[in-house]
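Participant: Structure of the sequence below:
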Amino acid sequence: MWPSHEIIELISPRIPGVCFGQAARSNLGALAARLPGVFSSYYLECRLSAIQEQVDFLACAVVPRDDDSVQQVRAALRPAPRDLACTPAWQFARNAARRWVGSTFEWSSRVPFLWLEFDHLNTRPVASQTPSLCVCADHEYLNECVPSAPWDHRSSYEGCLDFVRPATPPEFEGLFSADNRRAMAACFQRLPPGGRIIYVSFMVAREPATIKLYGAIPKAHLVSYLDSLGWTGPFDLLQQVARTFCTPETADDTVYFDLSLEREILPHTAITFSQLQLDRPKGADPRRAALLRLLEAEGLCAPDKGEALRNWPGSDREIHPAGSTQARIYRWLDVKITIHAEQGIGAKGYLGFAPVLSMF
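Facilitator: Here you go, the predicted model:
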């Protein structure tokens, strides 16, 4: 694990200015310098239309695989920067992370990733940044989404709550209201065969705080699944997006989707074009050239942003001046199309990057 601020310094020259302005870059560096040294991969999130400039930042910690790594993570979580540790959201994130590497909670071994998400990196002062917490509820997520046994939705749902709830400050107890738990349980229980909930995100940095679910489902079942949940969003827009953008050149037969809960399932969703789809022979387009062309043609992506995103994927071998470790920093691209009852259709780019220790 390299310190986050070193990775950000190395990747910064490659971050496209058309998507991430100077304020976002400056705040990113300042925020990374304050993060504990437990993260191994990252996303920069940008809106793709010409008139939207919001930038968000996500950082991922991977479950430690040996005792030395566990001790490293515990040590990194011990100090608490004064300007970042005093809010309930930071307390929530630290409590969950400490529970994750604790020795008494068996289900933590079923959580391969924890993510922190920071919103409005371009406009919000670093001292005011607070994280939302994203918990991976699918321990076989990277196993090509092919389960070794029928997926136990009840165990995943109850285990996620058992993991997170004891870490939750009183300020966020409303996330676990009876209405939220009922809606969340339905999202797990009504999945068809082949469907999974991958991440449960507790969006405590937003007002109001919501729960967001990220899942995967066979494309043929998406509409009937949402209908079974009583989703009140725009089915016409959802089907339009699926027809226009989920093509053999851009995706496979699995749809990766978002749902948000605030006492009920909210009337918006999103379709994400995941890295796992690039493992399929028909979807081998790591630059997302076909998808970005479609988004540009529909007016959802500014051409200069589309060009910047197409040039993002790749890798470079790096040595940070402050250290002797050599690594290859890999860069990849995900895209999300949002469907909202009032706002219509939008698009976001997720510029991923991670260092991998390498001599070559």
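
Participant: make it CA atoms for all contacts and neighbour counts henceforth
Facilitator: Noted.

Participant: so where's the stretch 201-350 of the chain shaky on pLDDT?
Facilitator: Along the stretch 201-350 of the chain, segments meeting pLDDT under 70 span 279-283, 322-325.

Participant: Now do the helices in it.
Facilitator: Taking DSSP state H, counting those that start in this stretch as the criterion, the stretch 201-350 of the chain carries its helices at 222-228, 235-245, 289-297, 303-310.

Participant: Ok, which of these comes nearest S177?
Facilitator: Proximity to S177 (CA to CA) singles out helix 222-228 among those, at 21.5 Å.

Participant: Tell me which residues of the closest one come out buried.
Facilitator: Within helix 222-228, the residues that qualify as buried are L222, Y225, L226, counting by 16 or more other CA atoms under 10 Å.

Participant: could you pull out the helices for the stretch 1-150 of the chain?
Facilitator: 4-11, 22-34, 67-77, 88-100.

Participant: on contacts alone, who are the packing partners of the last one?
Facilitator: With contacts defined as 3 or more CA pairs under 8 Å, 6 or more residues apart in numbering; DSSP states H and E, the packing partners of helix 88-100 are helix 67-77, strand 132-136, helix 153-164.

Participant: What angle do strand 132-136 and that helix make with each other?
Facilitator: 30 degrees (axes from the mean of the first three to the mean of the last three CA atoms, to 10 degrees).

Participant: What average pLDDT does helix 88-100 get?
Facilitator: Mean pLDDT, helix 88-100: 89.

Participant: and what of the first one?
Facilitator: Along helix 4-11, the predicted confidence averages to a pLDDT of 91.

Participant: Compute the inter-axis angle for it and helix 22-34.
Facilitator: Helix 4-11 and helix 22-34 are oriented at 140 degrees to each other (the same axes, to 10 degrees).

Participant: May I see the buried residues of helix 4-11?
Facilitator: S4, H5, E6, I7, I8, I11.

Participant: So which residues make contact with stretch 31-48?
Facilitator: Stretch 31-48 is contacted by residues 1-5, 8, 19-20, 53-62, 73, 76-77, 81, 84, 126, 300-302, 305-306, 346-355 when judged by CA atoms under 8 Å, 6 or more residues apart in numbering.

Participant: PyMOL command for the buried members of those?
Facilitator: A single PyMOL command selects the buried members of the contacts of stretch 31-48 (16+ other CA under 10 Å):
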select buried, resi 1+2+3+4+5+8+19+20+53+54+55+56+57+58+59+60+61+73+77+84+126+300+301+302+305+306+346+347+348+349+350+351+352+353+354+355
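
Participant: Out of the contacts of stretch 31-48, which sit inside strands?
Facilitator: Using DSSP state E, the members of those that fall in strands are 55-62, 346-355.

Participant: hang on, the earlier thing: tell me the one of the buried residues of helix 4-11 nearest W312?
Facilitator: Among the buried residues of helix 4-11, and counting by CA to CA, the member closest to W312 is I11, at 10.9 Å.

Participant: and I211, how many neighbours does it have?
Facilitator: 22 (other CA atoms under 10 Å).
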